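Participant: Fold the following for me, if possible:
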Amino acid sequence: MAFFVYCWPENWIKHMTKLSVNINKIALIRNSRMGNNPDLIQMAILAEKHGADGITIHPRPDERHVRYADVPLLKAAVNTEFNIEGNPMEKKFVDLVLANQPHQVTLVPDQQAQLTSDHGWDTEKHFSFLTECIALFKANGIRTSIFVDPELKHIEGAKNTGADRIELYTESYASNYSTNKHQAVLPYVQAANYAHELGLGINAGHDLSLENLGFLKSQIPQIMEVSIGHALVCDALFYGWENTIQLYKRALI
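Facilitator: As a prediction, this is how the structure comes out:
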């Protein structure tokens, strides 16, 4: 009997994009009844089992989504990549990251009362602060990523802070995708090319969905990781957790 081993082409492996599942909305559903249904930790474990390359959380000060007490439990349970997002202007957030040592910390300029992320960092205005934060996290062996709009000056600023990666804030792309997807993606292509030239890793996230994800990846093959939560959880109501994660994975091929 003959056995065949299929080897992925080297250039395909080089440009594989990881899917990090943001489980904030799972926590929001759980918190609405003050119990443990759905079980956040079990959903993270199942996400990995079904093909997720990582788990993302964004604990906010009001704990309306993931609670601070969830983080060490997730840290112990997650076997893939663990990514914690948040605003390092909150000392409690910085302490949480240092105590739990995720693979990556993504710095997001959210305000306390903000419903969801709606802009990236002004890396010129906050240069000294970001540089100090990034040095602290990197000294503790944590990869750093800065949430930015697709503006070249802020990408250059991110590079100068010492960040390892940027995460492109993709709300504008998603909002304009159905009108003119080629025009919508153009600033992101330019931003990604510049970041790549500077030696920055490139992540992307916010309002990415099954509708717009594949085109984004086709235009920006350098994307290393996407973080998707809201649309993925909504789709899972129709398709199920396992099927949905697999659909998103296929969109990234």
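Participant: quick one, helices of this structure?
Facilitator: Here the chain has its helices, by DSSP state H, at 10-14, 24-31, 40-49, 70-77, 91-100, 127-139, 152-161, 171-198, 213-219, 230-239, 241-251.
Participant: Switch those over to TSV; also include mean pLDDT.
Facilitator: Below are these laid out as TSV (pLDDT from 0 to 100):
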stretch	mean pLDDT
helix 10-14	43
helix 24-31	97
helix 40-49	98
helix 70-77	98
helix 91-100	96
helix 127-139	97
helix 152-161	97
helix 171-198	98
helix 213-219	98
helix 230-239	98
helix 241-251	98
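Participant: any chance of these in CSV, plus mean neighbour count and distance to T56?
Facilitator: (Each C-beta comes from the backbone N, C-alpha and C, glycine too.) CSV is the format used below for the helices of the chain (neighbours: other Cβ atoms under 10 Å; distance: least, Cβ to Cβ, whole Å):
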stretch, mean neighbour count, distance to T56
helix 10-14, 9, 23
helix 24-31, 19, 8
helix 40-49, 19, 10
helix 70-77, 16, 10
helix 91-100, 16, 13
helix 127-139, 16, 16
helix 152-161, 20, 19
helix 171-198, 16, 16
helix 213-219, 18, 15
helix 230-239, 16, 11
helix 241-251, 18, 13
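Participant: Can you tell me the closest non-neighbouring residue to the residue nearest in space to the middle of the chain?
Facilitator: The chain has S227 as the residue nearest its centroid, 3.1 Å off, counting by Cα atoms, centre = their mean. Among residues not flanking S227 along the chain, G205 sits closest, at 3.9 Å (Cβ to Cβ, 6 or more residues apart in numbering).
Participant: returning to what we had before: will you turn the helices of the chain into JSON lines that also has distance to L107?
Facilitator: Putting the helices of the chain into JSON lines (distance: least, Cβ to Cβ, whole Å) gives the following:
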{"stretch": "helix 10-14", "distance to L107": "27"}
{"stretch": "helix 24-31", "distance to L107": "17"}
{"stretch": "helix 40-49", "distance to L107": "22"}
{"stretch": "helix 70-77", "distance to L107": "16"}
{"stretch": "helix 91-100", "distance to L107": "9"}
{"stretch": "helix 127-139", "distance to L107": "7"}
{"stretch": "helix 152-161", "distance to L107": "9"}
{"stretch": "helix 171-198", "distance to L107": "15"}
{"stretch": "helix 213-219", "distance to L107": "22"}
{"stretch": "helix 230-239", "distance to L107": "20"}
{"stretch": "helix 241-251", "distance to L107": "24"}
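Participant: In contact with Y194, which residues?
Facilitator: Shown in contact with Y194 (Cβ atoms under 8 Å, 6 or more residues apart in numbering): 152, 155-156.
Participant: same deal with A77?
Facilitator: 41, 44-45.
Participant: try 6 Å this time
Facilitator: 41, 45 (Cβ atoms under 6 Å, 6 or more residues apart in numbering).
Participant: V21 bridge partners, please.
Facilitator: I55, I228 (DSSP bridges).
Participant: burial count for it?
Facilitator: For V21, the neighbour count with other Cβ atoms under 10 Å is 31.
Participant: repeat for S209
Facilitator: Neighbours of S209 using other Cβ under 10 Å come to 16.
Participant: related to what we said a few turns ago, who are the neighbours in contact with the residue nearest to the centre of the chain?
Facilitator: Counted by Cβ under 6 Å, 6+ apart, S227 has contacts 20, 22, 56, 205.
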